[in-house]
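Trainee: Provided below for reference: sequence and predicted model.
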Amino acid sequence: MSQLLPLVVVLPLLGAALLVAVGRLLPRIAADGIAAAVAVATTALAVLLLAHASPGATEWVGGWEPGGDGKSVGIVLVGDTPGTGLAALVSLLTVSVLAYSWRYFDEVPQGRAGAFPALVLLFQAGMCGFALTGDLFNAFVFFELMSVVAYALTGYRVEEPKAVQGALTFGVVNSLGAYATLMGIAMLYARTGELGMRQIGDALRTGEPADALVLGAFVLVMTGLLVKAAAVPFHFWLPDAHAVAPTPVCMLLSGVMVELGVYGVWRVYTVVFAGAGGLPAADFTRCLVVLGAATALLGAVLCWRQRHLKRMLAYSTIAHTGLFLVGIGLLRPESTAGVALYVLGHAGTKAALFACTGILLDRYGSVDERELHGKGRELPVVAVLYGMAAFALTGLPPFGTALGKGVAEEASGAATALFLAVSVVTGAAVMRAGARVFLGAGPQPDRSKSPDSTSGDEEPETREPLGRRVPLPMVAVPAALLAGALAVGLVPALAAGAGRAFAGPDAPAPHWTPAALLTGALATACAAGCAALAVRRAAPGEPSAWTATLLRLHSGHIGDYVAWFVLGTAVMGALALPGVVGTGP
């Protein structure tokens, strides 16, 4: 069965090539049909591989297997449960995005019918390749493939200066992360002569104790991955990109791409740097818990301060990424299993929220909470979907987000307060916006007073505003995504499989406990209460001095973001340094 692993990457690549070659000659429905068929076939293959996954399932592409001395130069794909599971999740979300986009991009310029679906398939190929690869260099290659495509998708509306600026910021910051990763890989290759993750890990564990070279490699590789994960202080590109990217692209960026950065951090540490000769566990925990907590708190505060819905959801993604990093950094099987479930539930929930936001943007030409006040009352189905997604984001049982968060909280000890606070603040922000937009709650806004922290000058992403009825695919997709998030919490076999894939086969299966149910209900109640208090005001008020300072840091200037990138790399080194120094001669 492992011989089929390369097809998960090859199928979307071939589909994209076909659309690039003949897409401009095809009618829109044919181009979309080809893309959907390829994505569905890739999804079916990924699910089949997931059903037959095993820790030892590997495939050396082209037959370039290690020689008698154990040295390897080939491309290896690993068919274990975490990799194939993420490939299946990526593919499912790709199918959802293509279905949603069928009516979202209702008008396509002449000759560009195949452009968007081709880019989406390339994006899928890069993400699936990264999830499956067992080779550190090719992990870099696949991540950069998905990143380059993501730049193009972010700036898809190239005729708009804002889209180009957002894509440029995205590209520059993530390219710096790529250079850092490549330098770290080169340092590991100089030490071990290997590029395979497992081979590098074995060489480090049987070689010299960790030294400055290993520390430098760890910091550089992790910096690149944390840039993709949008961890503080590498996160600045994410809200800028989400604000200008087409909504279907935001569904992929927040639904799976950022989570793949978190997955990369977990996989590279556990396979490459864990154990003797790598980075001590205490230092890894210190790095991830400190950066994760800062990411979670900053993202939650800035999420609350936003009234631009897409930026609000972007900062919510940053906040939850911080929680994922904390759960992984604790290096406890239960917390890792909880994060795996949390990521599954979050992917469907956040993609559904963006799908509902896209409907608002194309119906009313705005994603500004103040401008949309009360307008959503004529969209009752969308209101229900948005409300369900807001409750799921907060952690309302029995959604998968609640189960994953509850399991991670029980394993995190003192970090439970952080999980609870971030869930309440981000959930309350999304509920507050939904209450104003869909229920018309609170006083009518005074549009003459507009805080500088957000902007409501968005334009519809289709040429013609949506009619009185929302197209069926644009409603069915978020409904299906929320059903998937609900299944994670309700289907024991799914929860057990996802949890044990990351925590190990001997770890206890994640399950509902009274504590998980209680904290989920408490977070939801607190978030609803905060939202009810907030809607008594017309919109977020003028920011306080310290929140205004935080907002000014997100200046949109690439030079500022590069400076924060350098600072973040230095902080990573400082957090990892003590243990490495302590292992020296």
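Mentor: Thanks, I have it. Not measured: the values here are computed from a predicted model. Residues are numbered from 1 along each chain as shown.
Trainee: Return the residues in contact with residue 124.
Mentor: Residue 124 makes contact with 12, 39, 42, 90-91, 94 under the criterion CB atoms under 8 Å, 6 or more residues apart in numbering. For every residue, glycine as well, the C-beta is placed using N, CA and C.
Trainee: quick one: secondary structure of residue 60?
Mentor: Classification of residue 60 by DSSP: H, G, I helix; E, B strand; the rest coil places it in strand.
Trainee: Check the average confidence over the helix or strand harbouring residue 354, would you?
Mentor: Assigned by DSSP states H and E, residue 354 belongs to helix 333-364. Averaged across helix 333-364, the pLDDT comes to 93.
Trainee: Which elements pack onto it?
Mentor: For helix 333-364, the packing partners by 3 or more CB pairs under 8 Å, 6 or more residues apart in numbering; DSSP states H and E come out as helix 81-104, helix 247-252, helix 258-268, helix 309-329, helix 380-394, helix 400-412, helix 472-490, helix 492-503.
Trainee: How about the contacts made by residue 187?
Mentor: Contacts of residue 187 by CB under 8 Å, 6+ apart are 213, 216-217, 220.
Trainee: let's see 6 Å
Mentor: If you count contacts by CB atoms under 6 Å, 6 or more residues apart in numbering, residue 187 has them with 213, 216-217.
Trainee: again, but for residue 260
Mentor: residue 130.
Trainee: Quick check: it vs residue 80, distance?
Mentor: 16 Å (CB to CB, to the nearest Å).
Trainee: Show me where this structure has its strands.
Mentor: 58-61, 75-78 (DSSP state E).
Trainee: ok, and what's touching the first one?
Mentor: This means strand 58-61. Under CB under 6 Å, 6+ apart, the answer for strand 58-61 is 2, 5-6, 74-78.
Trainee: Run a quick neighbour tally on residue 519.
Mentor: Using other CB atoms under 10 Å, the number of residues around residue 519 comes to 22.
Trainee: what's the answer for the one 3 residues further on, then?
Mentor: For residue 522, the neighbour count with other CB under 10 Å is 14.
Trainee: Any stretches of the chain with poor pLDDT?
Mentor: Applying pLDDT under 70 to the chain flags the ranges 67-70, 72, 105-113, 446-468, 538-548, 579-585.
Trainee: how about a cut-off of 50?
Mentor: 450-456, 582-585 (pLDDT under 50).
Trainee: Spatially central residue in it, please.
Mentor: Among the residues of the chain, residue 258 comes closest to the average C-alpha position under CA atoms, centre = their mean, at 2.7 Å.
Trainee: How much space separates that residue from residue 252?
Mentor: 10 Å.
Trainee: Could you do residue 27 as well?
Mentor: From residue 27 to residue 252 the distance is 25 Å (CB to CB).
Trainee: So between these two, which is more surrounded?
Mentor: For residue 27 and residue 252, the more surrounded residue by other CB under 10 Å is residue 252, and the numbers stand at 27 against 9.
Trainee: who's in contact with the more buried one?
Mentor: residue 97.
Trainee: try 10 Å
Mentor: 90, 93-94, 96-97, 120, 123-124, 127, 146, 149-150, 153, 245, 258, 347, 351, 354 (CB atoms under 10 Å, 6 or more residues apart in numbering).
Trainee: Buried residues, stretch 198-209. List them.
Mentor: Across stretch 198-209, burial judged by 16 or more other CB atoms under 10 Å covers 198-204.
Trainee: Between the helices and strands packed on helix 333-364, which one is closest to residue 157.
Mentor: Closest to residue 157 of the helices and strands packed on helix 333-364 is helix 247-252 (CB to CB; 10.3 Å).
Trainee: Give me the distance from the closest one to the chain's centre.
Mentor: Relative to its chain's centre, helix 247-252 lies at 11 Å (CA atoms, centre = their mean, to the nearest Å).
Trainee: For it, C-alpha coordinates in PDB please.
Mentor: Extracted in PDB, the C-alpha atoms of helix 247-252 (Å, rounded to 0.1, in the frame of the first residue of the first chain):
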ATOM      1  CA  THR A 247     -12.200  34.100   1.400                       C
ATOM      2  CA  PRO A 248     -11.700  30.600   0.000                       C
ATOM      3  CA  VAL A 249      -8.000  31.100   0.400                       C
ATOM      4  CA  CYS A 250      -8.400  32.200   4.000                       C
ATOM      5  CA  MET A 251     -10.300  28.900   4.600                       C
ATOM      6  CA  LEU A 252      -7.100  27.000   3.600                       C
END
